[in-house]
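> Sequence plus predicted model, see below.
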Amino acid sequence: MPEKEEVRVRLAPSPTGFLHLGTARTALFNLIFARRYGGKFIIRIEDTDLERSEKKYEEEILNGLKWLGIESEEPFTRQSERTDIYEKYLKKLLEEKKAYFCYCTKEELEAERQSFLSQGISPKYSGKCRDLDADGRKPQLIRLKVAEKEVSFKDLIRGKISFDSALFGDFAIAKDVKTPLYNFANVVDDFALKISHVIRGEDHISNTPKQILIQEALGFPSPHFAHLPLILSPDRSKMSKRYTETSLLSYKEAGYLPEALVNFLALLGWHPADDKEIMNFEEICHEFDIEKIQKSGAIFNQEKLDWLNYQYIKKMEEEELFKKIKEFIPQDWLIEPEKVKKIISIQKERIRILSDIKELGNFFFKLPDYEQSLLIWKEASKETIKKNLKESFNIIKSFPENFNERITAQAEEFGRGEVFWPLRVALSGLKNSPPPFDLIFVLGLKESAERIKLAIEKL
C-alpha cells in the first residue's frame with residue numbers, strides 16, 4: 001500500500017437524488033483509507049446533468065455525510081463551475097486529432113445500433129465521422145479516437161482487469177466543447193485534484209477502461225483503482241428499492257445513531273482480522289486494509305444494524321441519551337424532563353432505535369384503556385385480584401418509605417403472580433411492561449395510587 005505517495009481520495013456524488021446507503025459507504029471507505037494513510041478526503045459535486053441536478057439534493061447529500069462525520073477536507077468543487085477547464089482540454093484533443101466531431105443524429109445512431117444487433121454483434125459506433133468534413137452539418141457529439149488494444153489495470157480489490165477497446169469503439173466524451181460527458185469531466189477533475197486512488201462501487205468498472213483511454217490521450221497519469229462490492233439483499237439478490245432509494249437521513253429520522261451506522265457500513269464488505277464487530281471510527285481506521293475487502297457482494301442485514309445500534313445506545317450515558325432522544329418525544333413530555341430521564345433509565349435495555357422511546361414511554365403519560373380481564377392472573381378469581389390490589393393500594397398510601405418491601409412480603413404470602421401481575425397491569429395498562437417497582441419509580445406514589453384505584457374500580 002502507499003508509502004511515499006501522497007494519498008488523495010474523493011467522493012463525487014451526482015445531486016440528482018438523495019444520499020443512499022451505497023454512496024454513504026463509498027464515502028466512508030474513502031475517508032477511512034485517507035485516515036489510514038495520512039491522506040486527504042475531498043468531496044466533488046458532479047452536476048454535469050444540468051436537467052436533473054438540484055440544489056436540494058446537493059444539500060441533502062452534504063448534510064447526510066456530515067451527520068456521519070464525513071466532510072471534505074478541502075473546499076469542494078462543482079463541475080458546473082469548471083466548464084472553462086473542460087473546454088480547454090476538449091479543444092486540445094480536437095487540435096491534436098485525438099478526438100473529432102460526430103455529426104450522426106440520434107436516429108442514425110439508433111439505426112446503426114439496430115443493424116449491429118440484427119447481426120448478433122454488440123453495438124458500437126462505426127467511426128464513420130472520424131475523417132468526415134462538417135459539410136455544413138451541425139456537430140452532435142465529440143468522440144475520442146480509440147485504437148483497438150487491450151486496456152488493463154490492477155484493481156486493489158480484484159486484481160488485474162482487462163478490456164478489449166474494440167468492443168466499445170470511439171465513444172462520446174462531450175456534447176460540445178462546453179458540455180463534457182461524465183467520463184471526460186471525471187478524468188479532468190481527478191487530474192486537477194491530484195487524486196491518487198479512485199475508490200468506488202463495482203458498477204463503475206465498465207467506465208474505468210474509457211477513463212484510462214482519456215487519461216492516455218491527455219497525457220495524464222492514471223490513479224489507482226479499487227471497486228467496492230455491491231450491497232445485496234439477505235437472499236443475495238440485488239438490493240431492493242426499499243433500501244437503495246431510501247435517503248440516508250431517514251435512518252437519522254428513525255433514530256439510528258451515526259456511530260452505529262458508520263460501524264455497520266464499514267463491515268459491509270470488509271471485516272477486521274479478529275472479526276470484531278463493535279468498532280469505533282478510530283479502531284476501524286487502524287485495522288483497515290483495502291486489500292481485505294471482499295470481491296463478492298456485501299449482504300445488508302437489518303437485524304445486525306438494529307443490534308449494533310442497540311449496543312451503542314446501551315453503552316451511552318443516560319444524560320447523553322436524553323439529549324439525543326429529546327427530538328423523538330412529544331413536546332408535552334418535556335414539561336417533565338426528570339420523568340423522561342427515569343423512563344430512559346428503566347427502558348434503556350429495550351431501546352433499539354431512539355424513536356422506540358415514544359412507544360416505550362407513552363403509557364407513563366397516558367394510561368391505555370385496557371379490559372378488566374387483563375388484570376386477572378391465570379386462574380385467580382376476580383375477588384382475589386381485587387383484594388390484592390386493595391392491599392397494594394393501602395401499602396403505598398400508608399408506607400411510602402418502604403412500600404416495596406411490604407408489597408414484596410405481600411407477594412411472598414399470597415403469590416407473586418397474583419400480586420405483581422395485576423399491580424403491573426394496573427400501573428401500565430399493558431400486557432407487557434417493566435416490573436411494577438420500576439413503574440412506580442417513574443410514576444411516583446400519587447399517580448401510582450390513582451392508577452391502582454382505577455383498576456380496583458374496573459373490577
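Okay, I see it. Small disclaimer: the values here were computed from a predicted structure and weren't measured.
> any idea which element residue 226 lies in?
Per DSSP states H and E: residue 226 is located in strand 224-228.
> Restricting to C-alpha, output that strand in CSV.
Listed next in CSV are the C-alpha coordinates belonging to strand 224-228 (Å, rounded to 0.1, in the frame of the first residue of the first chain):
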residue,chain,number,x,y,z
HIS,A,224,-5.0,3.5,-8.6
PHE,A,225,-8.5,1.9,-8.8
ALA,A,226,-10.5,-0.1,-6.3
HIS,A,227,-14.1,-1.2,-6.9
LEU,A,228,-16.2,-2.0,-3.9
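> list the helices and strands that strand packs on?
helix 21-36, strand 150-155, strand 197-201 (3 or more CB pairs under 8 Å, 6 or more residues apart in numbering; DSSP states H and E). All C-beta spots, glycine's among them, are computed from the backbone N, C-alpha and C.
> Go again with 10 Å.
Here strand 224-228 touches helix 21-36, strand 150-155, strand 197-201, helix 208-218, going by 3 or more CB pairs under 10 Å, 6 or more residues apart in numbering; DSSP states H and E.
> Now render the ones you listed as a markdown table, adding mean neighbour count, distance to residue 231 and mean pLDDT.
Compiled in a markdown table, the helices and strands packed on strand 224-228 are given as follows (neighbours: other CB atoms under 10 Å; distance: least, CB to CB, whole Å; pLDDT from 0 to 100):
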| stretch | mean neighbour count | distance to residue 231 | mean pLDDT |
| --- | --- | --- | --- |
| helix 21-36 | 23 | 6 | 96 |
| strand 150-155 | 15 | 18 | 96 |
| strand 197-201 | 22 | 9 | 97 |
| helix 208-218 | 21 | 20 | 98 |
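> Which among those is found nearest to residue 279?
When the helices and strands packed on strand 224-228 are ranked by proximity to residue 279, the top entry is helix 21-36, at 10.9 Å, counting by CB to CB.
> and that closest one, how far from the chain's centre?
Its chain's average C-alpha position is 11 Å from that of helix 21-36, according to CA atoms, centre = their mean, to the nearest Å.
> next one: stretch 343-357
With CA atoms, centre = their mean, you get 22 Å for stretch 343-357.
> Stretch 247-258 now?
Relative to its chain's centre, stretch 247-258 lies at 8 Å (CA atoms, centre = their mean).
> Buried ones in that stretch, by neighbour count?
Neighbour-count burial for stretch 247-258, counted by 16 or more other CB atoms under 10 Å, picks out 247, 248, 251, 252, 255, 256, 257, 258.
> can you tell me which of these are in helices?
Counting by DSSP state H, the buried residues of stretch 247-258 place 248, 251, 252, 258 in helices.
> farthest pair in the residues you listed?
Checking these with CB to CB, the most distant pair is 248 and 258, at 9.9 Å.
> re earlier: now do the strand holding residue 226, average pLDDT.
Per-residue pLDDT over strand 224-228 has a mean of 97.
> next helix or strand past it?
Beyond strand 224-228 toward the C-terminal end (DSSP H and E), the next one is strand 231-232.
> Does that next one pack against any helices or strands, and if so which?
Packing contacts for strand 231-232, counted by 3+ CB pairs under 10 Å, 6+ apart, involve helix 21-36, strand 298-299.
> Could I get the ones you listed in TSV, plus columns for distance to residue 67?
Output for the helices and strands packed on strand 231-232, formatted as TSV (distance: least, CB to CB, whole Å):
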stretch	distance to residue 67
helix 21-36	10
strand 298-299	21
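> First-to-last residue distance for stretch 111-129?
Terminal residues of stretch 111-129 lie 15 Å apart, using CA to CA, to the nearest Å.
> for stretch 128-139, same thing?
Stretch 128-139: ends 13 Å apart by CA to CA.
> Give me the residues contacting it.
97, 100-105, 108, 112, 140-141, 143, 145, 170, 174-177 (CB atoms under 10 Å, 6 or more residues apart in numbering).
> Buried subset of the residues you listed as a PyMOL selection?
Selecting only the buried entries of these in PyMOL, with 16+ other CB under 10 Å as the criterion:
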select buried, resi 100+101+102+103+104+112+140+141+143+145+170+174+177
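> which residue ranges form the helices in the stretch 251-400 of the chain?
258-266, 281-287, 302-315, 318-325, 337-347, 356-365, 382-398 (DSSP state H, counting those that start in this stretch).
> So which of those helices is the most surrounded?
Greatest average neighbour count among those goes to helix 258-266 (a mean of 22), per mean count of other CB atoms under 10 Å.
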